[in-house]
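> everything below, folded, please.
(chains A and B)
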Amino acid sequence: MLDRRFIRENPDAVKEAVRVKGIGLDVDELLRLDQVARELQRELDDAQTLRKSSSKEFARAGEARRAELRAQHAELERQLRKLREQLAATSERLQELLLLTPMIPWPGAPVGPDDSANVTIRTWGTAPDFGFQPLDHVELLEKRDWAEFARARKVSGERAYALKGDMVWLERALHSYALSLLAGRDFTLISVPSLVREEPLTGTGQFPAHREETYAITADDLYLAGTAEVALVGLHSGEILDFKTLPIRYAGISPCFRREAGSAGRDVRGLLRVHQFEKVEQFVICAADDGESDRWHAELLSAAETLLQGLGLHHEVVECATGDMGAGKYRMNDINTWFPSLGRFRETHSCSSLHDWQARRASLRYRGTDGTVRFAYTLNNTAIATPRLLAALVENYQTEDQRVRVPEALRPYLGGRDLLLHGLGGRHTARWCANAASHAGNRGRLCARHAGVVRCEAWNSKPIASPKSPGAPSPRSTGAMSQ
RNA sequence: GGUGGAGUCGCCUAGUGGCCGAGGGCGCACGCCUCGAAAGCGUGUGAGGGGGCAACCCCUCCGUGGGUUCAAAUCCCACCUCCACCGCCA
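Here you go, the predicted model:
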């Protein structure tokens, strides 16, 4: 959302932004409504001044004068009511249009209607050279019994999935890895609600333009957010922050839900485009300073690149075109990661600067060093979104015998293992995990030492549950997991 | 889910129909005092919109939205949030 005064004073810049971003908005109608609303407001102010002063007179007046004033007020009240109704109708329509106004894109953005106009600005690494026929992530996961697709779809319909065994640990490792890196960069880790009200969705810019993308819980007037950003903006909406608390840096973690309404039939196979996923999101609230915002943009982008480089994943950074970046963005850079099965890059990260567009919607302000109140600037970027990145990881790290090597950076989160090979059907199953958990650190390393070995002595010597009796609890349902 | 209580200017609080857009304290800013500081004293200190070259003026906002009234922070209704207790529950 843009400032009404700015729109009034820079109609051409706004119209140009509407054009290059391909937004359906009649700026002239908006200007007209703005004009009408201001005139109505002025009339209303005048009428109210009159009402106030004669009410004051009423208190001191005699009976005859009071009767006069009552009659005068009845008339005045009719006028006020009419003006208020007109103003309400005008403002409502005006607000609808204001919510559609786009951020003016930065001058360096390629101009084009969609992502075909995006420009690659750098590439890191190289595509893996397998020397064998690699599988796609679905084949690999099914082969190792690392996921359920058909069965999950019985439960939840299309695009559903269930990760199993080591894939669960690997997914968690990716998130832990991202959280560690961001914590090291002074981001505050925060887990936020996915179940949100309408207001924060309007605040971030999801509503009204992308309402159809969002799951609605109609019984309770709640929605399932597609990103932690919604809650992160919402946390501070309506606030006036002290400049001393800025910049606020969050590593927000949440389940994310997307209807993918506009993508019916696309990427229906596997883990690339799912309705429910897990994401660690980088989010920054900073002062309304273009230079500072630019620095944070670079910082967020760099954090994501560092994460991917730590994972050794081939990727490219893209400068997004005006038509691809969305209404609220000042600048957007996607990072696309290499998927061997596709033979190309796919978007895994999206880094955006919104300047005060989002803060204005959410009324997220701060008091600056000079005491003036201003809308803050916000930025966000993916840190890790799984299972899409998980799919990239297993595809890039698969071995000829359908195991998955573990990149160095993730080993600390996987008990030191350098190879994942356990499907549930194997002798040494995902119970490794249960063992590691039950040995709580001291014995857990025993299991780690046996990683990759077909028989684990820890498992043999101290079974958690009898594997033969059908009614016996499975290892994963024992102990601390039971609640 | 039930019952009871509460939401006022960054924080605490006064305020049951007009003298209240709102008093006091804390905090904060500036000044005096001081070698410097503390204490003390003085002044100032919410947001949004509109008008004016300017000094300044006008309107709106006491959780949100309605209503009653000539007039609402104050009375009525609905909703939201918080607190306490009961019930249920991971």
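
> off-centre distance for stretch A:359-375?
23 Å (CA atoms, centre = their mean, to the nearest Å).

> is RNA strand B within reach of it?
Yes - against RNA strand B, stretch A:359-375 shows contacts by CB under 7 Å from any atom of the strand at A:Arg365, A:Arg367, A:Val373. C-beta here means a position set from N, CA and C on the backbone, and glycine is covered the same way.

> what does the stretch 151-300 of chain A put close to RNA strand B?
In this structure, the stretch 151-300 of chain A approaches RNA strand B at residues A:Ile240, judged by CB under 7 Å from any atom of the strand.

> ranges for the helices of the stretch 151-300 of chain A?
Along the stretch 151-300 of chain A, counting by DSSP state H, counting those that start in this stretch, helices occupy A:166-184, A:198-204, A:228-235, A:290-311.

> same question, the stretch 351-483 of chain A
Using DSSP H, counting those that start in this stretch, the helices found in the stretch 351-483 of chain A span residues A:357-362, A:388-396, A:431-438, A:444-449, A:457-461.

> surely A:Pro247 touches A:Phe283?
No - with contact defined as CB atoms under 8 Å, A:Pro247 does not count as touching A:Phe283 (10.3 Å).

> neighbour count winner among those two?
A direct count of neighbours by other CB atoms under 10 Å for A:Pro247 and A:Phe283 places A:Phe283 higher, at 26 against 18.

> and the more buried one, what does it touch?
Counting by CB atoms under 8 Å, 6 or more residues apart in numbering, A:Phe283 touches A:Ala228, A:Glu229, A:Leu232, A:Val233, A:Arg249, A:Tyr250, A:Ala251, A:Gly252, A:Thr378, A:Leu379, A:Asn380.

> quick one: the third one from A:Leu364, how far?
If you measure A:Leu232 against A:Leu364 using CB to CB, to the nearest Å, the figure is 10 Å.

> next SSE downstream of the lengthiest helix in chain A?
Longest helix of chain A, by residue count under DSSP state H: helix A:63-98. The element immediately downstream of helix A:63-98 (helix or strand, assigned by DSSP states H and E) is strand A:119-124.

> from the chain's centre, how far out does the longest helix of chain A sit?
Distance, centroid of helix A:63-98 to centroid of chain: 43 Å (CA atoms, centre = their mean).

> repeat for stretch A:110-130
Centre to centre, stretch against its chain (CA atoms, centre = their mean), the figure for stretch A:110-130 is 22 Å.

> my guess is A:Pro128 contacts A:His314, does it?
Yes - counting by CB under 8 Å, A:Pro128 does reach A:His314; the two are 7.3 Å apart.

> ok so, going back, looking at the helices of the stretch 151-300 of chain A, which one is packed in the most?
Most buried of the helices of the stretch 151-300 of chain A, by mean neighbour count (mean count of other CB atoms under 10 Å): helix A:228-235, with a mean of 25.

> residues contacting that one, please?
A:190, A:192-194, A:196-197, A:199-201, A:203-204, A:206, A:225, A:250, A:252-254, A:256, A:279-281, A:283, A:358-359, A:362, A:364, A:378, A:380.

> likewise for stretch A:14-28?
Stretch A:14-28 has contacts (CB under 8 Å, 6+ apart) with A:2, A:6-7, A:11, A:97, A:100-105, A:111, A:113, A:322-323, A:325-327.

> just to revisit the earlier point, let me have the helices of the stretch 151-300 of chain A in CSV, extended by mean pLDDT.
Shown next, in CSV, are the helices of the stretch 151-300 of chain A (pLDDT from 0 to 100):
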stretch, mean pLDDT
helix A:166-184, 96
helix A:198-204, 92
helix A:228-235, 93
helix A:290-311, 97
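
> now distance to A:Leu421 too, for the ones you listed, in JSON lines please.
As requested, the helices of the stretch 151-300 of chain A are arranged in JSON lines below (distance: least, CB to CB, whole Å):
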{"stretch": "helix A:166-184", "distance to A:Leu421": "8"}
{"stretch": "helix A:198-204", "distance to A:Leu421": "42"}
{"stretch": "helix A:228-235", "distance to A:Leu421": "33"}
{"stretch": "helix A:290-311", "distance to A:Leu421": "19"}
